[in-house]
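Visitor: fold the following, please.
(chains A and B)
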2 protein chains.
Amino acid sequence: MQTSFITGVAGFIGSSMADRLLREGKRVVGWDNFSTGQERFLAEALKNPNFKLVRGDNLDLPALTQAMAGCDFVFHFAANADVRFGLEHPGKDLQQNTIATFNVLEAMRANGIKGIAFSSTGSVYGEAELIPTPENCPFPIQTSLYGTSKAAGEGMIASYCEGYQFEGYIFRFVSILGERYTHGHVFDFYKQLVDHPEYLKVLGDGTQRKSYLYVGDCLDAVLHVIRRGEARTARHGVAIFNLGTDEYVQVNDSIRYICRELKLTPRLEYSGGNRGWVGDNPFIFLDTQKVRATGWKPALTIEQGIVSTLQWLRQNTWVYEQRH
Amino acid sequence: MQTSFITGVAGFIGSSMADRLLREGKRVVGWDNFSTGQERFLAEALKNPNFKLVRGDNLDLPALTQAMAGCDFVFHFAANADVRFGLEHPGKDLQQNTIATFNVLEAMRANGIKGIAFSSTGSVYGEAELIPTPENCPFPIQTSLYGTSKAAGEGMIASYCEGYQFEGYIFRFVSILGERYTHGHVFDFYKQLVDHPEYLKVLGDGTQRKSYLYVGDCLDAVLHVIRRGEARTARHGVAIFNLGTDEYVQVNDSIRYICRELKLTPRLEYSGGNRGWVGDNPFIFLDTQKVRATGWKPALTIEQGIVSTLQWLRQNTWVYEQRH
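Guide: All right, here's what the predicted structure looks like:
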């Protein structure tokens, strides 16, 4: 039976993937430094005898190598996902994304593990010239240290596929939401409205167009693509797929969905401008024809994803209470 | 008067740039760890009162920051340029190219320096789908750790341009040759023919198509583009230019030029296959229309560049003798 190693297993997507694999009867070794991971996300997994949790940091290569022993496939989801504050601590993305990914690859090489799935991001496209943005769009100019660090992770994985015959699966996600979602737009807006239902502060002018994908659909897509063995027939042994829905919403749309669901009519206070922050991309919309051609399609619309996220947040007040 | 800081100042391109700027009456602070740099390349510079040499390593950020104080512009040429052996020490490109470039940017930020020129490479295109390859070709899949590490350097520079209003000049070089050329094809072939004029070992089948640019033309192009202030009008404040000639040669062509110049007729021993090594790109040819549109063009053909390289190597036997 295959044993999967999941970095960032206590995170939003990592813990969801662990639960999914364990429910399928698979074995999982989970790895997390709990810098942002949540113990509570592993409550179900920790009851399962097929799950083993190892605490450790991706920057500790010897420990990572040891933890990975005996595994067959790696889901590398651990990352600094704090996209917005890259300029306040410019070394963080380099450390936690680029160098961390190098260590994951080296630990795999030491253990003879060849298969890796990587959570990349639509941010690797910078401010794309082509929208919706396909995987082979014009060579982008990076506009964020986050996007740069993820693109570097992609490049190292692809180089290991070329040089050491790894099988790489690179997924460029739009923003993911759903159960266990703990940062980003919808989270911030919801938290604000719990604190002060009468008004909502909005970065930018609300016209920024964003794309979201429901976490359940994201996991489906990742496993679907891997189980088809897409990397084996891909150029240089690396399969690269955008993941998203074929729609986008304005920030103002998501505010509307949230307010309707919460039955609130807050005063909207816009900070102005068409960007939420320096490096914010005012329009992210990925072309997902490539993954759709494999037979996958998302079950939930963006609106349904936002609603399911809110329902989960309302049932899990601890998530935002501890962050006050 | 402007003071330029040059990393890798004892290297092939760094020392040539130092001499060029000093001859123009400019001030130069040179920085090198002498891991591959050559003292002798600085013989002329060290006689010039406008030149200051600081020994240090890019991985030592405090020393780098201190050395850069008072400078106005940075030429970041220091790199692991040992493209071929990336798979033997996979961490080297990450350390010496990616992390080193981050440190250069952080040292600049600490000193309030905004302008940087970066020696990137045509290797960032991996095995390009489009040849000749323009700067905005389809998003490439990386095939080497070297290319990956340089692309990461580019991305960090572009992100600093976006986030901290740096002015970035990124030059994607083909292979550079000429005076002070100390590694690569022509060097290896020449060294072999000095050792054993009767035969020449050739990696691959000799049909690999490569591009070269003469170092003097390379320096002209770099200074021309910077002095036109191309970054100021470029998207996101970062000017990206391919540098090369509008021709390429087969490895067999360069063997012919070398043998003719040396008046030798060695037996050719091919290792076979259309690649010299794993990750070798069998066809590199960059589209240089963008830099040509600025008014620059190379003075020397590839053949002339190879001949001038050989003439220099014959007059500087110490370069290959010490490497025996």
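Visitor: contact partners for A:Thr133?
Guide: A:122, A:125, A:242, A:285-287 (CB atoms under 8 Å, 6 or more residues apart in numbering or on different chains). The way it works is simple: take the backbone N, C-alpha and C, and place the C-beta from them, glycine included.
Visitor: on the pLDDT front, check it for me.
Guide: Note on A:Thr133: pLDDT of 97.
Visitor: and the nearest residue to A:Leu130 once chain neighbours are set aside, how many neighbours?
Guide: The shortest distance from A:Leu130 to any residue other than its chain neighbours is 4.6 Å, reached at A:Cys137 (CB to CB, 6 or more residues apart in numbering or on different chains). A:Cys137 has 19 neighbours, counted by other CB atoms under 10 Å in any protein chain shown.
Visitor: likewise A:Glu88?
Guide: If you count neighbours by other CB under 10 Å, A:Glu88 ends up with 8.
Visitor: same check on A:Pro138?
Guide: A:Pro138, neighbours per other CB under 10 Å, totals 16.
Visitor: got it, and the one 5 residues further on?
Guide: Neighbours of A:Thr143 under the rule other CB under 10 Å: 25.
Visitor: swap in A:Glu230?
Guide: Count around A:Glu230 with other CB under 10 Å applied: 19.
Visitor: next: A:Ser159.
Guide: Using other CB under 10 Å, A:Ser159 has 30 neighbouring residues.
Visitor: now it. Nearest residue, chain neighbours left out?
Guide: B:Leu145 (4.8 Å).
Visitor: and if you look at A:Leu310?
Guide: A:Glu261 (5.0 Å).
Visitor: where does the closest residue to A:Gly178 other than its chain neighbours land on pLDDT?
Guide: Using CB to CB, 6+ apart and skipping the chain neighbours, the partner closest in space to A:Gly178 is A:Val215 (3.5 Å). With respect to pLDDT, A:Val215 has a value of 98.
Visitor: contacting residues for A:Val215?
Guide: So A:Val215 contacts A:12-13, A:16, A:176-181 (CB under 8 Å, 6+ apart).
Visitor: re the thing from before, wait, the residue nearest to A:Ser159 sits on B:Thr98?
Guide: No: under the criterion of CB atoms under 8 Å, B:Leu145 makes no contact with B:Thr98, lying 9.6 Å away.
Visitor: picking that back up, closest to chain B among the contacts of A:Val215?
Guide: Proximity of these to chain B (CB to the nearest CB) peaks at A:Ile176, which lies at 21.7 Å.
Visitor: that closest one in helix, strand or coil?
Guide: strand (DSSP: H, G, I helix; E, B strand; the rest coil).
Visitor: ok, it touching A:Ser16?
Guide: No: using CB under 8 Å, A:Ile176 is not in contact with A:Ser16; the gap is 9.1 Å.
Visitor: what about those two, which has more around it?
Guide: Each of A:Ile176 and A:Ser16 has its neighbours counted (other CB under 10 Å); A:Ile176 has more, 26 against 22.
Visitor: can I see the domain layout of chain A?
Guide: Per automatic domain parsing, the domain ranges recorded for chain A read A:3-176+A:212-243, A:180-211+A:247-283+A:300-321.
Visitor: starting at the chain centroid, how far to the last one?
Guide: Read it as domain A:180-211+A:247-283+A:300-321. Distance of domain A:180-211+A:247-283+A:300-321 from the chain centroid (CA atoms, centre = their mean, to the nearest Å) equals 18 Å.
Visitor: end-to-end on it?
Guide: 14 Å (CA to CA, to the nearest Å).
Visitor: how about the contacts made by A:Val54?
Guide: Neighbour list for A:Val54: A:29-31, A:63, A:67 [criterion: CB under 8 Å, 6+ apart].
Visitor: try 6 Å
Guide: Residues near A:Val54 by CB atoms under 6 Å, 6 or more residues apart in numbering or on different chains: A:31, A:67.
Visitor: before we move on, what about the one 3 residues further on?
Guide: Contacts for A:Asp57 were tallied using CB under 6 Å, 6+ apart; they are A:Asn33.
Visitor: try it again with 10 Å
Guide: A:31-35, A:63-64, A:78, A:96, A:100, A:103 (CB atoms under 10 Å, 6 or more residues apart in numbering or on different chains).
Visitor: could I get the residues you listed as a markdown table with neighbour count?
Guide: Output for the contacts of A:Asp57, formatted as a markdown table (neighbours: other CB atoms under 10 Å in any protein chain shown):
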| residue | neighbour count |
| --- | --- |
| A:Trp31 | 31 |
| A:Asp32 | 27 |
| A:Asn33 | 18 |
| A:Phe34 | 14 |
| A:Ser35 | 12 |
| A:Ala63 | 17 |
| A:Leu64 | 24 |
| A:Ala78 | 27 |
| A:Gln96 | 22 |
| A:Ala100 | 26 |
| A:Asn103 | 22 |
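Visitor: count the residues that sit near A:Gly91.
Guide: 15.
Visitor: repeat that for the one 3 residues further on.
Guide: Counted with other CB under 10 Å, the burial measure for A:Leu94 works out to 23 neighbours.
Visitor: now do stretch A:10-30: distance to the chain's middle.
Guide: For stretch A:10-30, the distance to the chain centre is 15 Å (CA atoms, centre = their mean).
Visitor: list the buried ones in it?
Guide: Neighbour-count burial for stretch A:10-30 flags A:10-22, A:26-30 (criterion: 16 or more other CB atoms under 10 Å in any protein chain shown).
Visitor: among the residues you listed, which are in helices?
Guide: A:12-22 (DSSP state H).
Visitor: need the overlap of contacts for A:Ile176 and A:Ser16.
Guide: With contacts taken as CB under 10 Å, 6+ apart, A:Ile176 and A:Ser16 have A:215-216, A:218-219 as neighbours in common.
Visitor: check which helix or strand A:Asn281 maps to.
Guide: Per DSSP states H and E, A:Asn281 falls between elements, in no helix or strand.
Visitor: quick one, what contacts the spatially closest residue to A:Asp93 that is not a sequence neighbour?
Guide: Among residues not flanking A:Asp93 along the chain, A:Ser149 sits closest, at 3.7 Å (CB to CB, 6+ apart). By CB under 10 Å, 6+ apart, the contact set of A:Ser149 is A:79-80, A:86, A:92-101, A:121, A:123-124, A:142, B:98, B:152, B:155-156, B:159.
Visitor: tabulate the contacts of A:Val215 (JSON lines), appending pLDDT and distance to B:Gly272.
Guide: Putting these into JSON lines (pLDDT from 0 to 100; distance: CB to CB, whole Å) gives the following:
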{"residue": "A:Phe12", "pLDDT": "96", "distance to B:Gly272": "50"}
{"residue": "A:Ile13", "pLDDT": "97", "distance to B:Gly272": "46"}
{"residue": "A:Ser16", "pLDDT": "98", "distance to B:Gly272": "49"}
{"residue": "A:Ile176", "pLDDT": "95", "distance to B:Gly272": "48"}
{"residue": "A:Leu177", "pLDDT": "95", "distance to B:Gly272": "53"}
{"residue": "A:Gly178", "pLDDT": "96", "distance to B:Gly272": "53"}
{"residue": "A:Glu179", "pLDDT": "96", "distance to B:Gly272": "56"}
{"residue": "A:Arg180", "pLDDT": "95", "distance to B:Gly272": "54"}
{"residue": "A:Tyr181", "pLDDT": "90", "distance to B:Gly272": "55"}
